[in-house]
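In: need a structure here:
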Amino acid sequence: MNASTQQTGVALADVVQVLEDLYPPATAQSWDRVGLVAGDPEQQVRRVLLAVDPTLDVVAEAVRTGADLVVTHHPLLLRGIHSVATTSAKGATVTELVVNDVALYCAHTNADVADPGVGQALAAACGLAATQALTLAEDQELGRVGELPTPVTLRALAERLADALPPTAGGVRVSGDPDALVQRVAVLGGAGDGEFAAVRRAGADVYVTSDLRHHPALEAREEARAAARAGRPATPYLVDAGHYASEWLWLPGLRELLLSRLDVEVEISSVRTDPWDLVVGARPDEDPTTDHPVEGDRP
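Out: As a prediction, this is how the structure comes out:
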């Protein structure tokens, strides 16, 4: 970086323009809240910090490291608030941003549907190259589906993905025969248990997403088992990569895009914004038949 850039930086408005060229706000879903949340378009940006979530710890890291702008995937103000007093987390976050002259920009569902975007990053981590849209959301492509060069076991796919993801307490959850071969893979970063119909239409062997709730996931696996009794494959198998982790994969690509377009420093936050800290009592995957006591079995 040259000396003049170190002194003056780039106008926030210019950074916003680059972000909105990459992720047009008009492609965000109608319920979403994306764009510039805090900051003066005329202020100078020398250092950008990228994160999945605009948490208090992320903002503190921005202040500590001298970042002028935080770019996050998830919005800070998705739902209406009526106060920015520091007595609430959102109020304290807004106050810290404003007091320290740190701008905040959010690219959410417009980054999900972008090319390259969140979907392509997750697909690449699974080993997919050429992909197509899994489904459409408000006329925008959402999720990806494609074929691995050669079939791999479900376990090997999950392990490959785990190696690419940031570590979290929950790790990667898998439903299905770990030795089953899979090749056609559907992916959707973030919460994806509303798209099982699209996954089945796509003929995917495995669905990689996150936030899989008990009932939708169980019903999807029960339908697959019913299909197996009729002589069809017991697919799709399920891989839950975790919400934070599956979308974190987008950040390194965003960093490279910004560095190629702007004369600024860009760093990825070291803060893990996954909300879980530990897992207790998880069943080892080597023991698939562990019984759970029912009410009548308890002494």
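
In: what sits up against stretch 150-157?
Out: 126-127, 148, 160, 174, 176-183, 185, 206, 208, 237, 239 (C-beta atoms under 8 Å, 6 or more residues apart in numbering). From N, CA and C alone the C-beta is placed, and that goes for glycine too.

In: Next, report how far that stretch is displaced from the centre of its chain.
Out: Its chain's C-alpha centre and that of stretch 150-157 lie 22 Å apart, by C-alpha atoms, centre = their mean, to the nearest Å.

In: Can you give me the end-to-end span of that stretch?
Out: End-to-end span of stretch 150-157 (C-alpha to C-alpha, to the nearest Å): 11 Å.

In: what's the answer for stretch 161-170, then?
Out: In stretch 161-170, first residue to last residue: 14 Å (C-alpha to C-alpha).

In: Give me the number of neighbouring residues for residue 231.
Out: Using other C-beta atoms under 10 Å, residue 231 has 6 other residues around it.

In: quick one: pLDDT of it?
Out: Looking at residue 231, its pLDDT is 91.

In: which ones are touching it?
Out: Neighbour list for residue 231: empty [criterion: C-beta under 8 Å, 6+ apart].

In: quick revisit: sort out which of the contacts of stretch 150-157 are in helices and list them.
Out: Taking DSSP state H as the definition of helices, the contacts of stretch 150-157 contribute 126, 160.

In: Can you flag which of the contacts of stretch 150-157 belong to strands?
Out: 148, 174, 181-183, 185, 206, 208, 237, 239 (DSSP state E).

In: which stretches of the stretch 151-299 of the chain aren't confidently modelled?
Out: By pLDDT under 70, the weakly predicted segments of the stretch 151-299 of the chain are 286-299.

In: Next secondary structure after the one helix or strand residue 120 maps to?
Out: Taking DSSP states H and E as the definition, one finds residue 120 inside helix 118-126. Using DSSP H and E, the helix or strand that follows helix 118-126 towards the C-terminus is strand 131-137.

In: Within the sheet, what are the partner strands of that following strand, with directions?
Out: strand 140-153 (antiparallel) (DSSP bridges).

In: what mean pLDDT does the helix holding residue 120 have?
Out: Averaged across helix 118-126, pLDDT comes to 98.

In: That helix to strand 131-137, inter-axis angle?
Out: Calculated by axes from the mean of the first three to the mean of the last three C-alpha atoms, to 10 degrees, helix 118-126 forms an angle of 140 degrees with strand 131-137.

In: Contacts for helix 118-126 next, please.
Out: Identification of contacts with helix 118-126 by C-beta under 8 Å, 6+ apart yields 73, 111-113, 131, 134, 141-144, 146, 148, 157, 160-161, 164-165, 185, 187-190, 208, 241, 246-247, 249-250, 252-253.

In: pull the CA atoms of it into CSV?
Out: C-alpha atoms of helix 118-126 as CSV (Å, rounded to 0.1, in the frame of the first residue of the first chain):
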residue,chain,number,x,y,z
VAL,A,118,-22.1,-18.2,-0.6
GLY,A,119,-23.4,-21.1,-2.6
GLN,A,120,-20.4,-21.4,-4.9
ALA,A,121,-18.0,-21.3,-1.9
LEU,A,122,-19.8,-24.2,-0.1
ALA,A,123,-19.9,-26.1,-3.4
ALA,A,124,-16.2,-25.7,-3.9
ALA,A,125,-15.5,-26.9,-0.3
CYS,A,126,-17.4,-30.1,-1.2
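
In: buried ones in it?
Out: 118-126 (16 or more other C-beta atoms under 10 Å).

In: and if you look at stretch 144-160?
Out: 144-148, 152, 154-158.

In: cool, and stretch 166-182?
Out: 168, 170-172, 174-176, 180, 182.

In: same thing with stretch 15-22?
Out: Buried-residue list, stretch 15-22, by 16+ other C-beta under 10 Å: 15-16, 18-20, 22.

In: follow-up on the earlier one: could you flag which of the contacts of helix 118-126 are buried?
Out: The neighbour-count test (16+ other C-beta under 10 Å) applied to those identifies 73, 111-113, 131, 134, 141-144, 146, 148, 157, 161, 164-165, 185, 187-190, 208, 241, 246-247, 249-250 as buried.

In: residues contacting the nearest residue to residue 32 once chain neighbours are set aside?
Out: Nearest non-adjacent residue to residue 32, counting by C-beta to C-beta, 6 or more residues apart in numbering: residue 109, 4.7 Å away. Shown in contact with residue 109 (C-beta under 8 Å, 6+ apart): 27-29, 32, 34, 137, 140.
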